[in-house]
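Asks: The following block contains a protein sequence and its predicted model.
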Amino acid sequence: MSRATLIGIDVGTGAVKAILMDLDGNPLGVFSRPYPTARPRPGHVEQDPADWMGSVLAALDEFGRTTDLGGLVGIGLSSQVNTHVFVDESGEPLLPAIVWQDGRCGEDAAALDARITPEEKTAWFGGPMPIDASHALSRIAHVARVHPDLYARTRHVLLPKDYCAMKLTGGVAADPIAAVGLVDSELRYVEGLLDLVPGAKDRLPPLHDFTDAVGTVRDGLPCAGIPVFVGAMDAWSGMFGIGVIRDRDAMYLSGTSEVLGVLSSRRAPTPGVIVFPPYKRITLHVAPTQSGGASLAWVAGLLGRSVEELSPLAAATAPSAAVPLFLPHLQGERAPLWDIDSRGVFARLVTGTGAGELSRSVMEGVAFSARLAFEATERSAGETVDTVNIGGGGARSDIWCQIRADAFGKTIRRVHVLDAGALGAAVIAGLGAGAMPSLEAAVDRLVTFERDFEPDGAMRGYYDDKFGRYQELYADLKPFNASYRTDAG
């Protein structure tokens, strides 16, 4: 008899990552396939949805060729959020997908944000959530304004996971947590918000629990007949994948960007922090930054090195005044600043600055960006925590994890399976298929930890001083960057 197995698939910003595992948490197969991101104009960041789907099918095909899938009970999905694809009645994309990093909708976002009072935001969202350039309604307003002919043909506006679920099963669904900023505390679409853009309400998919089945894989595709579950946005699936499910648990997801969060039923509305509606007894206070691993990949390309080569360079470089201060705002910044105009900076370069100093500088700068975001989530949650669970591709580097521990002044606990989004999607599949009795049981069974990075008390003064200078640098450059504001189109 075939053993029961689960598949989790994460449609990330840079790649599809998938995991096949048994019900004891043993990985039986892993898959990763990158795809390109296009930047055809300043402020425009796009992907081809066919690349997502091709990689998803390749993952299912590879698992089927290399492993007995006779006991496969379900497929769970996760994806980047605030990446939107506009599809017609037949489910075909009308435009390239607009990626979450894309800033073209800034003017539409500002116009919408100005029409919503702080009181309405608190009533709808539980706090002062911004309507920014990545918000679904900003994207819908922009396409309706710039491409009215395509908007008229749009049947659904979908996230990557929901697009892939549609292509796999023919069903259309979204989960209410991934629709944050569009739903109220009862997890229903906010009609007063959607009415700001004519036709928006009719183009959004119906909402379902993330453990509901969208349908089964269509005949002719790998894993035909297997149920596919709605799944969750990357922050939530990743949260499950690093074992964060109880009050006062804290998360750090390190990928293309950094996503920081704290679980707490307490609420202290804090500017720049997203507070999700309570869901399955979980209230997540979260702050996503704009650039994490993307910054390291950028400087690696600049230096003609691989990302992996930067860790030994950084480790061999002492933390000192010789390490420049880096502002990782290469495409603006999200939480907690929400400043699309800010730009990246190396401050205090000298002729002796080399690859080691630049590598360490980027790691420190991303850690400061993450600390700023994390401290905002602690204030929002009314909690101060001592340990932060970390996962994602950016957690592979030991030196970077240690820099984060020192910069935060907290223990950074790393999980064994770093592809947290895919693991969390497998958790969702196990729950949806009834193979796990509860979320807590699923996470406790499938998620294990590999190492704790303890903060070095001797480094506290160095990092606290540099973190203060990091904030001063941003504040000093804010009017300068705003003066360069241009219409991204």
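Replies: Sure thing, it's come through. Residues are numbered from 1 along each chain as shown.

Asks: would you say residue 285 is within a helix?
Replies: No - judged by DSSP: H, G, I helix; E, B strand; the rest coil, residue 285 forms no part of a helix; its state is strand.

Asks: I figured it hits residue 273, correct?
Replies: Yes - under the criterion of C-beta atoms under 8 Å, residue 285 is in contact with residue 273, at a separation of 5.6 Å. Backbone N, C-alpha and C define where each C-beta goes, glycine included.

Asks: Those two: who's more crowded?
Replies: residue 285 (28 against 25; other C-beta atoms under 10 Å).

Asks: all helices of the stretch 51-200 of the chain, in order?
Replies: Assigned by DSSP state H, counting those that start in this stretch, the helices in the stretch 51-200 of the chain fall at 106-114, 118-125, 136-146, 148-153, 160-169, 191-194, 200-203.

Asks: Now do the third one and helix 106-114, the angle between them.
Replies: Counting by axes from the mean of the first three to the mean of the last three C-alpha atoms, to 10 degrees, helix 136-146 points 120 degrees away from the direction of helix 106-114.

Asks: Restricting to C-alpha, output helix 136-146 in PDB.
Replies: The C-alpha trace of helix 136-146 is given here as PDB (Å, rounded to 0.1, in the frame of the first residue of the first chain):
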ATOM      1  CA  ALA A 136      -5.500  45.200  -5.800                       C
ATOM      2  CA  LEU A 137      -7.900  48.100  -6.100                       C
ATOM      3  CA  SER A 138      -5.100  50.400  -7.300                       C
ATOM      4  CA  ARG A 139      -4.300  47.900 -10.000                       C
ATOM      5  CA  ILE A 140      -7.900  47.600 -11.000                       C
ATOM      6  CA  ALA A 141      -8.300  51.400 -11.100                       C
ATOM      7  CA  HIS A 142      -5.200  51.700 -13.200                       C
ATOM      8  CA  VAL A 143      -6.100  49.100 -15.800                       C
ATOM      9  CA  ALA A 144      -9.700  50.500 -16.000                       C
ATOM     10  CA  ARG A 145      -8.100  54.000 -16.700                       C
ATOM     11  CA  VAL A 146      -5.300  53.100 -19.000                       C
END
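
Asks: coming back round to it: mind checking which of the helices of the stretch 51-200 of the chain is nearest residue 455?
Replies: helix 118-125 (33.6 Å; C-beta to C-beta).

Asks: Mind listing what's buried along that closest one?
Replies: Residues 121, 124-125 are the ones in helix 118-125 that count as buried (16 or more other C-beta atoms under 10 Å).

Asks: And the strands in the stretch 301-450 of the chain, which stretches?
Replies: Chain-ordered strands for the stretch 301-450 of the chain, with DSSP state E, counting those that start in this stretch as the definition, fall at 325-327, 345-347, 387-391, 411-415, 449-453.

Asks: Which of those strands sits closest to residue 484?
Replies: When the strands of the stretch 301-450 of the chain are ranked by distance to residue 484, counting by C-beta to C-beta, first place goes to strand 345-347 at 12.8 Å.

Asks: and the closest one, which strands flank it?
Replies: Sheet pairing here is set by DSSP bridges, and for strand 345-347 it gives strand 325-327 (antiparallel).

Asks: buried residues in stretch 72-91?
Replies: Neighbour-count burial for stretch 72-91 [16+ other C-beta under 10 Å]: 72-87, 91.

Asks: hang on, the earlier thing: sort out which one of the buried residues of helix 118-125 lies nearest residue 4 for me.
Replies: The closest of the buried residues of helix 118-125, once distances to residue 4 are taken by C-beta to C-beta, is residue 125, at 39.2 Å.

Asks: Wait, the closest one touches residue 181, no?
Replies: Yes - the pair formed by residue 125 and residue 181 meets the contact definition of C-beta under 8 Å, at 6.8 Å.

Asks: Report how many residues lie close to residue 181.
Replies: Taking other C-beta under 10 Å as the criterion, the count of residues near residue 181 is 23.

Asks: mind listing what the closest residue in space to it that isn't next to it in sequence touches?
Replies: Leaving aside its sequence neighbours, residue 181 sits nearest to residue 135 (C-beta to C-beta, 6 or more residues apart in numbering; 5.5 Å). Under the criterion of C-beta atoms under 8 Å, 6 or more residues apart in numbering, the contact list for residue 135 reads 82, 105, 109, 112, 181.

Asks: Could you check how far residue 135 is from residue 194?
Replies: The span separating residue 135 from residue 194 equals 12 Å under the rule C-beta to C-beta, to the nearest Å.

Asks: re the thing from before, closest to residue 353 out of the helices of the stretch 51-200 of the chain?
Replies: helix 106-114 (33.2 Å).

Asks: if we can go back for a sec, mean pLDDT for the helices of the stretch 51-200 of the chain: which is lowest?
Replies: Averaged per stretch, pLDDT over these is lowest on helix 118-125, reaching a mean of 90.

Asks: So what touches that helix?
Replies: Taking contacts as C-beta under 8 Å, 6+ apart, the residues outside helix 118-125 that touch it are 127-129, 180-181, 184, 190, 192-193, 269, 275.

Asks: Please convert the residues you listed to a markdown table, extending it with distance to residue 40.
Replies: Shown next, in a markdown table, are the contacts of helix 118-125 (distance: C-beta to C-beta, whole Å):
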| residue | distance to residue 40 |
| --- | --- |
| 127 | 35 |
| 128 | 33 |
| 129 | 30 |
| 180 | 28 |
| 181 | 26 |
| 184 | 36 |
| 190 | 33 |
| 192 | 35 |
| 193 | 30 |
| 269 | 38 |
| 275 | 35 |
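
Asks: Run a quick neighbour tally on residue 308.
Replies: Neighbour count for residue 308, taken as other C-beta under 10 Å: 10.

Asks: Next one, pLDDT for it please.
Replies: As predicted, residue 308 sits at a pLDDT of 97.

Asks: What separation is there between it and residue 403?
Replies: Here residue 308 is placed at a distance of 16 Å from residue 403 (C-beta to C-beta).

Asks: do residue 451 as well
Replies: Counting by C-beta to C-beta, the separation of residue 451 from residue 403 is 15 Å.

Asks: Which one's more surrounded, those two?
Replies: Remark: of residue 451 and residue 403, residue 403 carries more neighbours, 24 against 13, as counted by other C-beta under 10 Å.

Asks: which parts of the longest helix along the chain are buried?
Replies: Of all the segments of type helix in the chain, defined by DSSP state H, the longest one is helix 355-381. Buried residues in helix 355-381, defined by neighbour count with 16+ other C-beta under 10 Å: 355-381.

Asks: Likewise for stretch 129-145?
Replies: Within stretch 129-145, the residues that count as buried by 16+ other C-beta under 10 Å are 129-144.

Asks: Check stretch 208-225 too.
Replies: Of the residues in stretch 208-225, those scored as buried under the neighbour-count criterion (16+ other C-beta under 10 Å) are 208-211, 213-217, 221-223.

Asks: now for those, which pair is the farthest apart?
Replies: 209 and 222 (25.6 Å).

Asks: Now do the host helix or strand of residue 10: which elements does it pack against?
Replies: Here residue 10, judged by DSSP states H and E, is contained in strand 5-11. Judged by 3 or more C-beta pairs under 8 Å, 6 or more residues apart in numbering; DSSP states H and E, strand 5-11 is in contact with strand 15-22, helix 49-66, strand 72-79, helix 160-169, helix 234-241, helix 420-432.

Asks: what lines up beside it in the sheet?
Replies: Applying DSSP bridges, you get strand 15-22 (antiparallel), strand 72-79 (parallel) as the partners of strand 5-11.

Asks: what distance separates that strand from the centre of its chain?
Replies: Going by C-alpha atoms, centre = their mean, to the nearest Å, the spacing between the C-alpha centre of strand 5-11 and its chain's C-alpha centre is 17 Å.
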